[in-house]
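Asker: Only the shape, not the letters, is given here:
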């Protein structure tokens with residue numbers, strides 16, 4: 001990024017801070033406080049307005065923070081709320097299964113890690129918080145794919161499905177079939193699909209309205225999370241997902257949260 005672009009970003013963020021502090025400001029006031037020409041200030045607020053981050057008061061012509069800021073804050077608050085309410089459950093799950101527990105949410109075309117708890121058996125743990133993973137090659141990603149409509153599924157899988165290992169699903173038809181199985185079973189697994197020697201199982205977390213808002217998973221080396229052990233780990237992961245959902249306000253009595261998804265599709 002060029003110096004001028006960095007400067008523009010810095011000025012735009014300063015505009016948002018000024019509006020947060022003063023409530024409303026005109027272009028002249030903004031230009032004076034930024035020590036820039038009025039035309040520069042106008043371009044800044046016009047760009048921010050195009051993204052709904054600021055809006056102009058119809059009567060006074062001054063600018064104030066827009067609904068886009070509220071939307072961003074709301075999304076962040078929702079993720080923080082999910083992490084806070086899920087943390088005690090994640091810690092218990094990590095203790096019970098001894099493996100690494102992660103919480104993810106759908107972010108764009110990927111899954112975003114928002115929290116992680118290490119199990120007692122985890123060695124040289126890689127911190128995934130803040131990192132993104134592909135949807136088609138992970139248990140968390142499959143859960144998130146299973147929670148969206150058919151149209152959204154097509155959109156999220158429209159590009160090339162990257163192959164990470166020989167076990168990675170790269171065919172859209174095969175992936176769709178596996179997602180149907182996830183909806184039927186209420187959980188997803190990924191064995192050697194993102195990384196050889198890594199097995200994971202994930203289940204959906206529902207919000208107060210029953211709509212899936214994220215996923216919780218337990219993962220570990222395949223020599224520990226064996227095919228024989230996987231059903232037991234899945235049982236604990238699903239129970240933990242239900243508990244987090246309850247903490248988020250969902251009090252429906254269901255065995256499979258994707259039944260709610262079917263009614264909304």
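Answerer: Perfect, I can see it now. Fair warning: this is a prediction, and the values are worked out from it, not measured in the lab.
Asker: could you pull out the strands for this structure?
Answerer: In the chain, the strands defined using DSSP state E lie at 54-56, 63-65, 100-107, 110-117, 132-134, 188-191, 198-206, 212-221.
Asker: got JSON lines for those strands, with distance to residue 180 and mean pLDDT too?
Answerer: C-beta coordinates here come from the backbone N, C-alpha and C atoms, glycine included. As requested, those are exported to JSON lines (distance: least, C-beta to C-beta, whole Å; pLDDT from 0 to 100):
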{"stretch": "strand 54-56", "distance to residue 180": "44", "mean pLDDT": "86"}
{"stretch": "strand 63-65", "distance to residue 180": "44", "mean pLDDT": "88"}
{"stretch": "strand 100-107", "distance to residue 180": "18", "mean pLDDT": "91"}
{"stretch": "strand 110-117", "distance to residue 180": "19", "mean pLDDT": "88"}
{"stretch": "strand 132-134", "distance to residue 180": "19", "mean pLDDT": "89"}
{"stretch": "strand 188-191", "distance to residue 180": "11", "mean pLDDT": "95"}
{"stretch": "strand 198-206", "distance to residue 180": "15", "mean pLDDT": "95"}
{"stretch": "strand 212-221", "distance to residue 180": "15", "mean pLDDT": "93"}
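Asker: Low-confidence ranges, the stretch 101-250 of the chain, go.
Answerer: Low-confidence regions of the stretch 101-250 of the chain, defined here as pLDDT under 70, cover residues 122-126.
Asker: What's opposite the residue positioned nearest the centre of the chain in the beta bridge?
Answerer: The structure's the chain has its C-alpha centroid closest to residue 105; by C-alpha atoms, centre = their mean the separation is 2.4 Å. For residue 105, the beta-bridge assignment (DSSP bridges) gives partners residue 112.
Asker: That one reaches residue 130, doesn't it?
Answerer: No - the criterion here is C-beta atoms under 8 Å, and residue 105 misses it with residue 130 at 11.8 Å.
Asker: Now do the shared contacts for those two.
Answerer: residue 112 (C-beta atoms under 8 Å, 6 or more residues apart in numbering).
Asker: Tabulate the strands of the chain (a markdown table), appending distance to residue 142.
Answerer: As requested, the strands of the chain are exported to a markdown table (distance: least, C-beta to C-beta, whole Å):
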| stretch | distance to residue 142 |
| --- | --- |
| strand 54-56 | 39 |
| strand 63-65 | 38 |
| strand 100-107 | 11 |
| strand 110-117 | 9 |
| strand 132-134 | 10 |
| strand 188-191 | 4 |
| strand 198-206 | 7 |
| strand 212-221 | 9 |
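Asker: Out of those strands, which is closest to residue 30?
Answerer: When the strands of the chain are ranked by proximity to residue 30, the top entry is strand 63-65, at 7.3 Å, counting by C-beta to C-beta.
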